[in-house]
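Novice: Pasting the sequence and the predicted model now:
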Amino acid sequence: MGAKLGGGGGSRYTVEQNSDINVTPFVDIMLVLLIIFMVSAPMATVSIKLDLPPASAPLNPLEEKKDPVFVSIQDKDLYYVGTKQVTIETLAADLAAALQSSNPTDERVLVRAQPDVEYDEFMKVLNELQENGYFKIGLINEDIS
């Protein structure tokens, strides 16, 4: 958009083109963008006030933690509680015996399955556990490398 108005030969009405980049529009756009980002940046930082309970020490620090009990699904109708093979009918009773707790339904149960186990077999075990009051169920995913 710039033109060279003086110097050089040629006719008085001839205007040579200037091939230099005109940076004025570029600077204008950058300043507008800078203002937009300066105005919008404080709005992007949203904080949420959390009311967390104070930290407290464990009730009985000398109490040993029990090893977790695993329910393993190996194949169709092949279930294990720990290392003991069980059936779907005796799963809840064998699990309660393996947990060795006064209230076994309050304990966390970890369920893992082989990669080739069908989904309905997995859901059969979860439904059986929930029907017997086991709602604290953790799912174990093991890396297959």
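Specialist: Looks like it came in fine. Numbering: from 1, shown residues only.

Novice: how about the longest strand that the chain contains as PDB, C-alpha atoms only?
Specialist: In the chain, assigned by DSSP state E, the strand with the most residues is strand 69-75. Only the C-alpha atoms of strand 69-75 are listed here, as PDB (Å, rounded to 0.1, in the frame of the first residue of the first chain):
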ATOM      1  CA  VAL A  69      -8.700 -60.300  49.000                       C
ATOM      2  CA  PHE A  70      -8.900 -60.900  45.300                       C
ATOM      3  CA  VAL A  71     -11.800 -62.400  43.300                       C
ATOM      4  CA  SER A  72     -10.300 -63.800  40.100                       C
ATOM      5  CA  ILE A  73     -12.200 -64.800  37.100                       C
ATOM      6  CA  GLN A  74     -10.100 -67.200  35.000                       C
ATOM      7  CA  ASP A  75     -12.600 -68.600  32.500                       C
END
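
Novice: Do me a favour and average the pLDDT over it.
Specialist: In this model, strand 69-75 carries a mean pLDDT of 90.

Novice: Show me which positions of it end up buried.
Specialist: Using 16 or more other CB atoms under 10 Å as the test for burial, strand 69-75 gives 69, 70, 71, 72, 73. C-betas here are computed from N, CA, C, even on glycine.

Novice: how about JSON lines for the residues you listed, with distance to residue 18 added?
Specialist: As requested, these are exported to JSON lines (distance: CB to CB, whole Å):
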{"residue": "69", "distance to residue 18": "82"}
{"residue": "70", "distance to residue 18": "79"}
{"residue": "71", "distance to residue 18": "80"}
{"residue": "72", "distance to residue 18": "79"}
{"residue": "73", "distance to residue 18": "78"}
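
Novice: any idea which of those is closest to residue 103?
Specialist: Using CB to CB, residue 69 comes nearest to residue 103 of the buried residues of strand 69-75, at 14.2 Å.
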